[in-house]
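Novice: show me the folded form of this:
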Amino acid sequence: MSAPAPSVRRRPLLVFMFACLGVGMLLMLLFESWVTRLLGVTALFAFIVSGVFLIADPAFLAADDGGDELRDSQ
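Specialist: The predicted structure is shown next:
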């Protein structure tokens, strides 16, 4: 049985995820205006959502089916 094909291309989403993290952290730590705080929170939220899409990809989850033996034997 082969693993399903990835639903999204991982490399561009990974770059976007880390870019959002960097921009969000810089905006939140270096500036104190409410506009930059809002943009920083938005960038950090985009970081979290894109990370979830990277982790919850069916192809990524299918490759990690080896840990079910312990649960199945109980």
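Novice: which residue is nearest the middle of the protein?
Specialist: residue 51 (0.4 Å; Cα atoms, centre = their mean).
Novice: so where's the protein shaky on pLDDT?
Specialist: 1-8, 64-74 (pLDDT under 70).
Novice: re the thing from before, against residue 45, how distant is the residue nearest to the centre of the chain?
Specialist: For residue 51, the distance to residue 45 equals 11 Å [Cβ to Cβ, to the nearest Å]. Every residue, glycine included, has its C-beta placed from N, CA and C.
Novice: check residue 13 too.
Specialist: Distance from residue 13 to residue 45, by Cβ to Cβ: 15 Å.
Novice: can you spell out which helices and strands pack onto the helix or strand where residue 12 lies?
Specialist: If you go by DSSP states H and E, residue 12 is part of helix 10-30. Counting contacts by 3 or more Cβ pairs under 8 Å, 6 or more residues apart in numbering; DSSP states H and E, helix 10-30 packs against helix 34-55.
Novice: buried stuff in the helix it packs on?
Specialist: 39-40, 43-44, 46-47, 50-51, 54 (16 or more other Cβ atoms under 10 Å).
Novice: next structured bit after that helix?
Specialist: Downstream of helix 34-55 (by DSSP H and E), the next one is helix 58-62.
Novice: re the thing from before, and the buried residues of helix 34-55, which two are the farthest apart?
Specialist: By the measure Cβ to Cβ, 39 and 54 form the most distant pair in the buried residues of helix 34-55, at 22.4 Å.
Novice: just give me the neighbour total for residue 9.
Specialist: 8 (other Cβ atoms under 10 Å).
Novice: which residues touch it?
Specialist: Listed by Cβ atoms under 8 Å, 6 or more residues apart in numbering, residue 9 has no contact partners.
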